Each structure stands twice: as structure tokens, then as C-alpha cells.
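Enquirer: Turn this into a model:
(one chain, ligands or ions: 2)
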Amino acid sequence: MRRDRFNPVFSGLGTTIFTVMSALAVEHDAINLGQGFPDEDGPEAIREAAAAALRNGPNQYPPMQGVLELRRAIAGHSREFYGLDFDPLSEIVVTSGATEALGDCIMGLVAPGDEAVVIEPCYDSYRPMLEAMGAKIRTIRLAPPDFRLTEAALAAVFSPDTKVILVNSPLNPIGRVLDQGELELLASFLTRYDVYAICDEVYEHLVFDGRKHVPLISLPGMRERCVRVGSAGKMFSLTGWKIGWVCGSRTLIEVITKAHQFNTFTTSPALQLGIAEGLRHHMDFALANTSALQTKRNQIAQALQAAGFDVLKSEGTYFITASTRKIANEPDTVFCKRMTREARVAAIPLSVFYGDDPPSDLVRFAFCKMPAIIDEAGGRLARHFASHPR
Ligand code: PMP
Ligand code: GLN
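Expert: Ligands and ions are numbered 1, 2, ... in the order given. Sure thing, here's the model as predicted:
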């Protein structure tokens, strides 16, 4: 088989680390704190609504832009939480997960040769999709321990050739939530250089310690420049459902929908109706889940510290990052695989969220797990690293 005839972006990729580490966790009967999925399913009423729709219909192709009830519910959610108004008929498109939404946005907005900015560490789907569209990627790297976005970092990569920036806040993997100052800085660069922002806000409700998530699109002048990507999986602990969406101005949503129509065309009507029920009646679940997650964040931070890791701050998301410097001196991927096999706890090496020259001592743990599981994982790690000193 002549692999050199395949698309070089995709033929050059490995399998995503999330799949690799989940398989390794199963193989070694390890606790999986790698791939970010909760171990308790979201509200039964949402699952019942979807089940009823499966039984009673509709079961044929729903509208390409998404079931209208869901688009209305998404509009209602944006209005209720952020005072943002989107027209369900022309400013919202429903996708098969945020992953598709991000791909559609990139396909719709980026042309070959355009410069696209990513902020590292960044989600692993961004780079391949940008490269597949022929973008030239410019990188901002957030620096530990604070991982703040600075004016100098933006000034170093923005130019008249910049077309788009991908902004993920709350940020997977390190749990940063951009504050008002950083958002205003971003907004000023978008305006000055006439740039679009694809805002990946899938963890919008998972913010801790009284912080508030502020969508970049809600800042003055940003309505025409930003699109806001959401995911029901994270809101309702239903990550396998893969219901996502994009909200933005009519002109941007129009072109993004053109990409959506040939990527998936549409997504399961029953699951869309289930999520419409969730957005309308079960946001209390999402909010209660956030306060439970904050407690779990504290629990895992303590457990990791006790096992010898240096733990970084997590302001939001399902994730916390820790340095292995005091307990190991091997690259993060080797460390994570060894930890899965020997300590029977799986995590994700941070290097997969970087392009060139990644850090090698940082690993990400998912804490969207039951307290007893986090306890057991903490115990395993403490015992393992006590008996395997560096
Ligand atoms: N963006 C980020 C930052 C994520 O962590 C994820 C992972 N779930 C996604 C997008 C994709 O979300 P979905 O599962 O809805 O495709
Ligand atoms: N977003 C999830 C994570 O970061 C993984 C999604 C996936 O497996 N592609 O863990």
C-alpha cells in the first residue's frame, strides 16, 4: 500500500492519546484518570426524553441545522447565562459534538495559506484540522506556573496575515479560565488585526472557586468576530452522545453550516431532543455537578501532592495537571504508560497538547470520577511512588 499517496496530515498521525491510554487502562485493570469522561451518567429525565423520542419518533433526518426545539433551547441557555441573543433560525447550528463543530468552523473560515493562531497547551484536534485546511499555524505558549495570556505573546504572533485564533477557556488540559483582562486584551487584538475567534467553550459551566466564565463573544465589538462552540456532553455528563453546537452571527454560521452539511449533515434527532429537555429543565444538574467537581478537584490535588507530585492550580474543566519532576525522570508519555502498568492509574501526558518541543514532566489527571475512585487512585499512587523512589 502506497501510504505516501494518502493525505499527509492524517497519514502522519498516530491514534489519539485518549484512545491509547484508555485501552492501556483496560488492559492493566487500571483506574482511568486519562480520557475525560464522568463515571456517572447525567440526568435520567434527559435520557428518558431521548428514549421516548427513539420509540415515538421522529427517527428520520432532522433539519440540517438541528432540531428547532434544541436550537431554541440553546438560544435560551445563552440568553439566560450570558445575556447573549442568538436567532435559532439563522445563528445556531447543531453538530455531532464539539469536535465536529470545531472542524466545521475551521473548514468554513480558514483558506489555504491563512495564518491561524493556537494557544498551547491546546486540544489535540486543532492542529491537524488547521493543517488539513492548509493553514500556517502560529503558536502562543502559555507559561507555567500561571499560564496567563500576555500582550507580548499576542503581539509576537498577530500580523496582518492572521485570519483566525482558537481560544479554549476553560482550558483543557490545565484548567485555566481566562479573566476579564485577558479577554479584553484578546478582543483588542481581534479588532486591530481583523481576526476571527473560534471559541471552544465546552467546559463553560465547569469553573471553580466562584469564578465566572465570560464568553469572548459577549465583549463589545466581538459579536461579528467570534463563534461560540458548546458541548452537551460536558454539561450533562453524557460525553458519548456527541451533541455540540456553534452560535454566532448569521454570516459566520452560514458558512460554517456549509461545512457541517457535508461533514455529517445532521445528528441523531432523539439525542437532540433529550438535550433540548436538559437545557430547558435540568441546568440545576450542570450547576450542582460543578460544585461536586470542585470538591473532587481538591480531593485529587491532595492525593497527588501526597503521592509526591507537584500539583498545578486548576480553575476549571475536568482536569488537573501535575509535575513528575520529584518522582521520575523520564518523558511524560513513558511515565504515563509505566504508571498505568505498574501503579494501575492512567493519566494523559501533556506533550500531546503541544507542537514542537513540549514540556516532558507534566501529566493530566481527570477528576470527574466518584470520590471513592479518586481515593483508591490516590492510595495506589502513594503506595507505588513510596516503593519506587526516583
Ligand atoms: N474541545 C475540548 C477542549 C475538549 O476537551 C473536547 C473533549 N471532549 C472537545 C472539544 C470535544 O467535545 P465533544 O465530545 O463534544 O466532541
Ligand atoms: N475531551 C476528552 C479529553 O480531553 C477526550 C475526547 C476524546 O477522547 N477525543 O479527555
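
Enquirer: C-alpha only now, for contacts and for neighbours.
Expert: Fine.

Enquirer: so how many other residues sit close to residue 344?
Expert: Residue 344 is surrounded by 22 other residues when neighbours are defined as other C-alpha atoms under 10 Å.

Enquirer: pretty sure it is touching residue 28, no?
Expert: Yes: look at residue 344 against residue 28 with C-alpha atoms under 8 Å: they come within range, at 6.5 Å.

Enquirer: Now tell me what touches the helix-or-strand element of the chain with minimal mean pLDDT from outside.
Expert: One helix or strand of the chain scores below all others by mean pLDDT, DSSP states H and E: helix 8-11, with a mean of 92. For helix 8-11, the surrounding residues in contact (C-alpha atoms under 8 Å, 6 or more residues apart in numbering) are 3, 128, 131-132.

Enquirer: Residue 232 touches residue 239, doesn't it?
Expert: Yes: the pair residue 232 and residue 239 qualifies as a contact (C-alpha under 8 Å) at a distance of 7.5 Å.

Enquirer: With neighbour numbers in mind, choose between the two.
Expert: Neighbour tally, residue 232 and residue 239, criterion other C-alpha under 10 Å: the higher count belongs to residue 232, 26 against 18.

Enquirer: any idea how far the more buried one is from residue 241?
Expert: As defined by C-alpha to C-alpha, to the nearest Å, residue 232 lies at a distance of 8 Å from residue 241.

Enquirer: How about residue 321?
Expert: Between residue 321 and residue 241 the distance is 26 Å, computed by C-alpha to C-alpha.

Enquirer: Ok, residue 171 next?
Expert: Residue 171 sits 21 Å away from residue 241, going by C-alpha to C-alpha.

Enquirer: Looking at these two, which one has more neighbours?
Expert: It is residue 171, of residue 171 and residue 241, that has more neighbours when counted by other C-alpha under 10 Å, with 27 against 19.

Enquirer: for the more buried one, what are its contacts?
Expert: The neighbours of residue 171, taking C-alpha under 8 Å, 6+ apart as the test, are 122, 177, 203, 316-317.

Enquirer: could I get the residues you listed as CSV with secondary structure, neighbour count and pLDDT?
Expert: CSV is the format used below for the contacts of residue 171 (DSSP: H, G, I helix; E, B strand; the rest coil; neighbours: other C-alpha atoms under 10 Å; pLDDT from 0 to 100):
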residue, secondary structure, neighbour count, pLDDT
122, coil, 26, 96
177, coil, 27, 98
203, coil, 24, 98
316, strand, 30, 97
317, coil, 31, 98
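
Enquirer: quick one: which of those is nearest residue 56?
Expert: Each of these was checked against residue 56 using C-alpha to C-alpha; the closest is residue 203, at 32.1 Å.

Enquirer: State the next helix or strand along the chain beyond the least confident helix or strand of the chain.
Expert: The helix or strand immediately downstream of helix 8-11 is helix 17-27, counting by DSSP states H and E.

Enquirer: other SSEs contacting that following helix?
Expert: With contacts defined as 3 or more C-alpha pairs under 8 Å, 6 or more residues apart in numbering; DSSP states H and E, helix 17-27 has these neighbours: strand 31-32, strand 345-346, strand 348-349.

Enquirer: Could I get the pLDDT score of residue 389?
Expert: The confidence metric pLDDT takes the value 75 at residue 389.

Enquirer: show me the contacts for residue 168.
Expert: Neighbour list for residue 168: 122, 199-201 [criterion: C-alpha under 8 Å, 6+ apart].

Enquirer: quick one: which of the helices and strands packed on helix 17-27 is nearest ligand 2?
Expert: Ligand 2 lies closest to strand 348-349 among the helices and strands packed on helix 17-27, at 8.1 Å (C-alpha to the nearest ligand atom).

Enquirer: Listing partners with orientation, what would you give for the helix or strand that that closest one is followed by?
Expert: The first helix or strand that comes after strand 348-349 along the chain, using DSSP H and E, is strand 362-366. The pairing partners recorded for strand 362-366 under DSSP bridges are strand 319-323 (antiparallel), strand 348-349 (antiparallel).

Enquirer: Give me the distance from the helix of greatest length in the chain to the chain's centre.
Expert: If each helix of the chain is counted by residues according to DSSP state H, the longest one is helix 283-307. How far helix 283-307 lies from its chain's middle: 18 Å, per C-alpha atoms, centre = their mean, to the nearest Å.

Enquirer: other SSEs contacting that helix?
Expert: Here helix 283-307 is seen to pack against strand 310-311, strand 319-323, helix 371-387 when contacts are counted using 3+ C-alpha pairs under 8 Å, 6+ apart.

Enquirer: so of those, which one's packed in deepest?
Expert: strand 319-323 (a mean of 24; mean count of other C-alpha atoms under 10 Å).

Enquirer: Distance from that one to the middle of the chain?
Expert: Relative to its chain's centre, strand 319-323 lies at 15 Å (C-alpha atoms, centre = their mean).

Enquirer: can you map out the strands along the stretch 151-300 of the chain?
Expert: In chain order, the stretch 151-300 of the chain shows strands spanning 162-168, 196-200, 226-231, 244-248, with DSSP state E, counting those that start in this stretch as the criterion.

Enquirer: Which one of those lies nearest to residue 75?
Expert: Relative to residue 75, the nearest member of the strands of the stretch 151-300 of the chain by C-alpha to C-alpha is strand 244-248, separated by 8.4 Å.
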